[in-house]
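A.B. asks: Next input, structure requested:
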Amino acid sequence: MNDLNALASRYIEMWNEPDAGKRRAIVRELFAPEAEHYTPTREFHGLERMDVRVAEGYEQFVKPGVNIFRPVAGANGHHGAVRFQWEMVEVATGKVTGRGSDFLLMGEDGRILSDHQFVGR
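C.D. replies: Residues are numbered from 1 along each chain as shown. Take a look at the predicted model:
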């Protein structure tokens with residue numbers, strides 16, 4: 001994707017998607033087969049593990065209907081790297097209940113090779 005804000009939006013859509021099949025399709029659209037995803041305490045390697053990671057995030061934060069994720073405008077990048085910020089928002093009030101950012105390394109085909117997720121600012 002040439003529009004980095006569109007990439008960030010699509011990435012966030014993945015975490016909010018209620019349909020498991022659609023989530024899985026988005027994972028395959030965005031991530032290379034050998035992709036790696038890192039959080040401060042965990043790591044996931046490959047598409048199957050990324051499916052698990054996204055499903056866990058959806059189940060924990062979005063499915064109960066309390067929160068939704070949204071991208072923050074201003075994604076930027078260069079030389080195959082992209083960074084963007086996101087917020088977790090309370091559905092009922094619109095109050096921001098969490099923040100974070102992701103740093104992506106992109107492959108030649110435009111898919112994510114490595115995703116480092118940071119929680120908090």
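
A.B. asks: Now do the strands in this protein.
C.D. replies: 31-38, 43-45, 67-78, 81-90, 96-106, 112-119 (DSSP state E).

A.B. asks: Okay, angle between the last one and strand 31-38 too, please.
C.D. replies: Relative orientation of strand 112-119 versus strand 31-38 (axes from the mean of the first three to the mean of the last three Cα atoms, to 10 degrees): 30 degrees.

A.B. asks: remind me which residues of the protein are low pLDDT?
C.D. replies: Residues of the chain that meet the criterion pLDDT under 70 lie in 1-2, 121.

A.B. asks: Just give me the longest helix of it.
C.D. replies: Ranked by number of residues, the top helix in the chain under DSSP state H is helix 4-16.

A.B. asks: ok so, going back, can I get the strands of the chain in TSV including distance to Ser9 and mean neighbour count?
C.D. replies: Every residue, glycine included, has its C-beta placed from N, CA and C. Shown next, in TSV, are the strands of the chain (distance: least, Cβ to Cβ, whole Å; neighbours: other Cβ atoms under 10 Å):
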stretch	distance to Ser9	mean neighbour count
strand 31-38	16	18
strand 43-45	22	14
strand 67-78	5	16
strand 81-90	9	18
strand 96-106	12	17
strand 112-119	14	17
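
A.B. asks: would you turn those into a markdown table with distance to Ile12?
C.D. replies: As requested, those are arranged in a markdown table below (distance: least, Cβ to Cβ, whole Å):
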| stretch | distance to Ile12 |
| --- | --- |
| strand 31-38 | 14 |
| strand 43-45 | 18 |
| strand 67-78 | 5 |
| strand 81-90 | 6 |
| strand 96-106 | 9 |
| strand 112-119 | 12 |
